[in-house]
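# Pasting the sequence and the predicted model now:
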Amino acid sequence: MGRRNANGPVPAKGDLPQKICAACGRPFSWRRKWARDWESVRFCSDRCRGTGAADGGKVDKATPGRARRPGQG
């Protein structure tokens, strides 16, 4: 049985929409604070937004799932 709050049933985390972060390439899920502008959300965190997609979202092969930072070859 699902949880409920004052606004009705709360969806399970697995049922929320997901996107891939433009900076680190990791998946992230919908958050309530993004409800108004989910279509324009591109980054999973403030840190990734600060990094941006300047490196094209290239993933470091030595550490899967981690973005390559400038100066790391």
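That came through, no problem. Residues are numbered from 1 along each chain as shown.

# How about the backbone phi and psi for C21?
Dihedral angles of C21 (phi, psi; degrees, to the nearest 10) stand at phi -60, psi 130.

# The one 3 residues further on too?
When read as degrees, to the nearest 10, the backbone of C24 gives phi -110, psi -10.

# so it touches R49, yeah?
No - in this structure, C24 is not within contact of R49 by Cβ atoms under 8 Å, at 10.7 Å. C-beta here means a position set from N, CA and C on the backbone, and glycine is covered the same way.

# For these two, indicate the residue with more neighbours.
Legend: neighbour count by other Cβ atoms under 10 Å for C24 and R49, higher for C24 (21 against 15).

# got a pLDDT number for the more buried one?
If you check C24, the pLDDT there is 94.

# contacting residues around the helix or strand bottoming out on mean pLDDT in the chain?
Sorting the helices and strands of the chain by mean pLDDT, DSSP states H and E puts strand 4-5 at the bottom, at a mean of 74. Residues from elsewhere that reach strand 4-5 (Cβ atoms under 8 Å, 6 or more residues apart in numbering): V10.

# so what strands line up beside it?
Next to strand 4-5 in the sheet, as set by DSSP bridges, lie strand 8-9 (antiparallel).

# Now the element after the partner strand, going C-ward?
strand 18-20 (DSSP states H and E).

# ok, and for that following strand, which residues are buried?
For strand 18-20, burial by neighbour count (16 or more other Cβ atoms under 10 Å) applies to K19.

# Next secondary structure after that strand?
Next along from strand 18-20, by DSSP H and E: strand 27-29.

# can you give me the mean pLDDT across that next one?
Strand 27-29 comes out at a mean pLDDT of 93.

# neighbouring strands for it, and are they parallel or not?
Assessed with DSSP bridges, strand 27-29 is paired to strand 18-20 (antiparallel).
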